[in-house]
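Asker: Provided below are the primary sequence and the corresponding predicted coordinates.
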Amino acid sequence: MTDLADPTFVDRRDSNRQGADGVERRQFTNSHSELSPDAKELATAIDSYKVEHRRRFLTFEEMLNVVKDLGYTKS
């Protein structure tokens with residue numbers, strides 16, 4: 001068992017999931033440069049939703065709401 005009072009122990013968990021520069025760490029990448037314009041718009045909207053609602057992953061309902069907020073409708 002690790003002794004938390006041990007000065008050599010470094011707790012790397014970060015309660016707010018932000019790196020040293022204050023930017024949220026992403027699992028993959030922040031770049032959407034290789035996406036089509038429509039896919040880039042969707043990716044940006046999803047990222048914004050995740051930041052605004054402090055969500056790491058979206059449910060299908062949340063994804064549907066993001067898509068509808070962009071103006072997409074079922075035809």
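Answerer: Looks like it came in fine.

Asker: C-alpha only now, for contacts and for neighbours.
Answerer: Noted.

Asker: what does the longest helix anywhere in the chain contact?
Answerer: In the chain, with assignment by DSSP state H, the single longest helix is helix 37-52. Outside helix 37-52, the residues that touch it by CA atoms under 8 Å, 6 or more residues apart in numbering are H32, S33, R55, R56, F57, L58, M63, V66, V67, L70.

Asker: show me where this protein has helices.
Answerer: 37-52, 60-69.

Asker: Using JSON lines, lay out those together with mean neighbour count, mean pLDDT and distance to F9.
Answerer: Putting the helices of the chain into JSON lines (neighbours: other CA atoms under 10 Å; pLDDT from 0 to 100; distance: least, CA to CA, whole Å) gives the following:
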{"stretch": "helix 37-52", "mean neighbour count": "14", "mean pLDDT": "93", "distance to F9": "31"}
{"stretch": "helix 60-69", "mean neighbour count": "13", "mean pLDDT": "96", "distance to F9": "39"}
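
Asker: Distance to P7 added to the ones you listed, as CSV?
Answerer: CSV is the format used below for these (distance: least, CA to CA, whole Å):
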stretch, distance to P7
helix 37-52, 34
helix 60-69, 43
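
Asker: Just tell me which of those helices ends up closest to S75.
Answerer: Set against S75 and scored by CA to CA, those come closest in helix 60-69, at 12.6 Å.

Asker: quick one: contacts of the closest one?
Answerer: Contacts for helix 60-69 (CA under 8 Å, 6+ apart): L42, A45, I46, Y49.

Asker: Appreciated, that's everything.
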